[in-house]
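Visitor: Fold the following and give me the result.
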Amino acid sequence: MVPKSSAVPKQQLSQQLAQSLGQALSEPELANCCKQTEILEPAPGKRFWQAVDAGAGIYIILAGKVRLLDRTDNLVTSLGAGRPSAN
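Guide: From the prediction side, this is the model:
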């Protein structure tokens, strides 16, 4: 996983979080999220995250898509930008 140096624009983060959480964050809550935001740009087709190693958090897809696989590499679902998971 490769951290990107630029930050997510505050308005974009606010919109994505409101969509994902079902409600808008207060200004202090949003400011806290902005401080802790990390942008990852994984290489296509490369595994960059595994549940056993991951910390708690909210993961938002800004561009492209992510395929979620089970332990035996079977496709569970595919997620794209702006499309919350139904699972």
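Visitor: Quick one: list the elements packing against the longest helix belonging to the chain.
Guide: Criterion DSSP state H: the longest helix present in the chain is helix 10-21. For helix 10-21, the packing partners by 3 or more C-beta pairs under 8 Å, 6 or more residues apart in numbering; DSSP states H and E come out as helix 27-36. To be clear about C-beta, it is placed using only N, CA and C from the backbone, and glycine gets the same treatment.
Visitor: Check which residues of the helix it packs on are buried.
Guide: Buried residues in helix 27-36, defined by neighbour count with 16 or more other C-beta atoms under 10 Å: 30, 33.
Visitor: now it and helix 10-21, what's the angle there?
Guide: 100 degrees (axes from the mean of the first three to the mean of the last three C-alpha atoms, to 10 degrees).
Visitor: Centre of the chain to stretch 41-55, how far?
Guide: 11 Å (C-alpha atoms, centre = their mean, to the nearest Å).
Visitor: Which parts of the chain are strands?
Guide: 3-4, 39-40, 65-69, 75-80 (DSSP state E).
Visitor: Residue 30 is nearest to which of those?
Guide: Closest approach to residue 30 among the strands of the chain (C-beta to C-beta): strand 39-40, 16.3 Å.
Visitor: Can you tell me how far residue 58 is from residue 45?
Guide: 24 Å (C-beta to C-beta, to the nearest Å).
Visitor: Need the nearest residue in space to residue 44, chain neighbours excluded.
Guide: Closest residue in space to residue 44, ignoring its immediate chain neighbours: residue 64 at 7.9 Å, by C-beta to C-beta, 6 or more residues apart in numbering.
Visitor: can you count the residues close to the one you found?
Guide: Neighbours of residue 64 under the rule other C-beta atoms under 10 Å: 11.
Visitor: Please apply the same query to residue 17.
Guide: 19.
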